[in-house]
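Student: Only the shape, not the letters, is given here:
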């Protein structure tokens, strides 16, 4: 079985998503092969990788090439625009399509699956905030991208479901906003005991740094959205050490130890969330292929039909790394996510 | 009532501070427009590189801000002089000089911004928090941080210096003469190239100071930082009046206050909308800006 992989190995998405996902996917497929998981089915998985340079036109071209070659499965590591462009083609050609996009994809035939769940981890964070004793939260959200409002709303839903209250203040900023003194004065006037920053990683770092600099927030707890990442620490430095935020996955989870040690042995670095997502994708497809083979043929339709059951199977629980991972027939993925923080050296680590 | 008044005054302080940053940035554009009648787009690229130099000195080499500031100003000034000689000087004899100079300067801006992007590996970088005091002064329910106070004081001092330079010195008279008629000035013995170079140096140095202040105040530098403030700088110049030192200062403070009051009383997401509504209103009432200078007179 050949899997066509539209990889963002260069371009804007390469460092944060494409390269770690690609490495995780390859590591997962190596482990599938070395463990002999598919040997009883007499199936080998081959990965046909094309660097699409984080560009939609390149991804569409690569998809057409894979379709012509008869590949039953295609993968895109990230980038909602790529997922949105390729999903209708995958449905039309009846090719199972796994995307690392956060957006809901057009899915008339049920062939497109998006692997990133932005909402459930934020609800988990909201529940944790209530458990932390947060009663008056103020939200600073990026108004240029509606996804950040969705994330903040999910946090509110999580808080309310745990008996907490709606935010006492919501401030909308732009991705180009640099001076936040007026916004912080607004927030200070509402006397919050916590601030949630739902914005791009570097903008979140900027907000956190100015929050610290402006004074008056010394006893205010700081929380972040799932979008936080290394750039947040790069900008805010020690200001965000100890601040809670969510990730799809982070090092330190109990069921991830084997994955983490295999990763370090292979790449000599720390894995990140998209590394785990790539690894999870490899096992998800291997299990779905095995199930499809057991029932007859392996093609786009049978893999599509088996992905939801594969995602919650005992094999997935044994080999996967993402807690409570489930893929639905409509293509949506859910998982609880992982509560994380930055340690003193800026590394993202899981928090219990 | 006390809380309401205190909130209003705090937002006024915030607005004046951010307005001073806008004004300092816009002053460089304004000087060049006064001198050559060219909208020097590459000024935004000079601003970006000044912010990067500030980051390198304060956050990579751990220089104190006050040691880095003059170096950043000089580097930015020299880079702007290089822009003049490379991008604009050779176009002065062309019949369509103003348009050609604008396009050449736009090209220079693109080159500088792309070079900055490559230098920063397409990432935003953070300024070391210890590079400036985090002290905050509090009085009567109001507060002002050390960097806010520095921005305000430096803006007042630099605008005072600029006003004095243009109105009271021989160099100022030469700048006015060149801006009025470069060819006649040359016949009268003024070294036009030298005068233009000095104008570009001062303009770049102002960009350097504002970039260093903005970098240390807002903690983040990326290759778009010059472009981020470009639209607001244009608004400041249009509101204040092209070529007027006082106009740019007042325009900056006005835009800053508009932004701050909009955040306080309407919505933080509507800052630019309100600023540009004010700009349109000013253009309707005073098409040449609040402090317009006659075109046949000094523009500086």
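Tutor: Received it, and whenever you're ready, just let me know what you need. Fair warning: this is a prediction, and the values are worked out from it, not measured in the lab. Numbers count the residues shown, from 1 in each chain, chains lettered A, B, ... in the order given.
Student: Identify the single longest helix in chain B, thanks.
Tutor: helix B:2-36 (DSSP state H).
Student: Report the distance from the helix or strand following that helix to the chain centre.
Tutor: Where DSSP states H and E defines the elements, the next helix or strand beyond helix B:2-36 is helix B:42-55. Its chain's C-alpha centre and that of helix B:42-55 lie 11 Å apart, by CA atoms, centre = their mean, to the nearest Å.
Student: do stretch A:102-115 as well
Tutor: That offset, for stretch A:102-115, works out to 15 Å (CA atoms, centre = their mean).
Student: hang on, the earlier thing: other SSEs contacting the longest helix of chain B?
Tutor: helix A:181-189, helix B:42-55, strand B:142-145, helix B:146-168, helix B:170-180, helix B:192-218, helix B:230-240, helix B:245-265 (3 or more CB pairs under 8 Å, 6 or more residues apart in numbering or on different chains; DSSP states H and E). (Glycine included, C-beta is placed from N, CA and C.)
Student: can you pull the buried residues of the shortest one?
Tutor: This points to strand B:142-145. Buried residues in strand B:142-145, counted by 16 or more other CB atoms under 10 Å in any protein chain shown: B:143, B:144, B:145.
Student: Could I get the average pLDDT for it?
Tutor: Strand B:142-145 comes out with an average pLDDT of 91.
Student: Is any residue of that strand near chain A?
Tutor: Yes: legend: contact between strand B:142-145 and chain A by CB under 8 Å from any CB of the partner chain is shown at B:143, B:145.
Student: Spell out which strands sit alongside that strand in the sheet and which way each one runs.
Tutor: Strand partners for strand B:142-145, identified by DSSP bridges, are recorded as strand B:136-139 (antiparallel).
Student: one step back: so how far is the longest helix of chain B off the chain centroid?
Tutor: Worked out by CA atoms, centre = their mean, helix B:2-36 lies 11 Å from the chain centre.
Student: cool, and stretch A:27-40?
Tutor: For stretch A:27-40, the distance to the chain centre is 24 Å (CA atoms, centre = their mean).
Student: Now that stretch: average pLDDT?
Tutor: Stretch A:27-40 comes out at a mean pLDDT of 94.
Student: and the end-to-end length of that stretch?
Tutor: 21 Å (CA to CA, to the nearest Å).
Student: which stretches of the stretch 201-350 of chain A form strands?
Tutor: Here the stretch 201-350 of chain A has its strands, by DSSP state E, counting those that start in this stretch, at A:221-224, A:244-247, A:326-327, A:333-334, A:338-342, A:348-350.
Student: I'd like those laid out as CSV, including mean pLDDT and distance to residue A:259.
Tutor: As requested, those are exported to CSV (pLDDT from 0 to 100; distance: least, CB to CB, whole Å):
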stretch, mean pLDDT, distance to residue A:259
strand A:221-224, 96, 24
strand A:244-247, 94, 15
strand A:326-327, 96, 19
strand A:333-334, 93, 18
strand A:338-342, 93, 13
strand A:348-350, 88, 13
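Student: most neighbours per residue, which of the ones you listed?
Tutor: strand A:244-247 (a mean of 26; mean count of other CB atoms under 10 Å in any protein chain shown).
Student: elements contacting that strand?
Tutor: Using 3+ CB pairs under 8 Å, 6+ apart: strand A:244-247 touches helix A:119-131, strand A:221-224, strand A:338-342.
Student: Dump those to TSV, plus distance to chain B.
Tutor: Listed next are these as TSV, based on distance: least, CB to the nearest CB, whole Å:
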stretch	distance to chain B
helix A:119-131	21
strand A:221-224	15
strand A:338-342	13
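Student: Determine which of the ones you listed approaches residue B:37 most closely.
Tutor: Minimum separation from residue B:37 across the helices and strands packed on strand A:244-247 (CB to CB) falls at strand A:221-224, 48.4 Å.
Student: Residue numbers of the stretch 151-300 of chain B in contact with chain A?
Tutor: Residues of the stretch 151-300 of chain B lying near chain A (CB under 8 Å from any CB): B:214, B:217-220, B:222, B:224-225, B:228, B:259-260, B:263-264, B:267-269, B:271-272.
Student: Is residue A:296 in contact with residue A:302, as I believe?
Tutor: Yes: using CB atoms under 8 Å, residue A:296 is in contact with residue A:302, at 7.0 Å.
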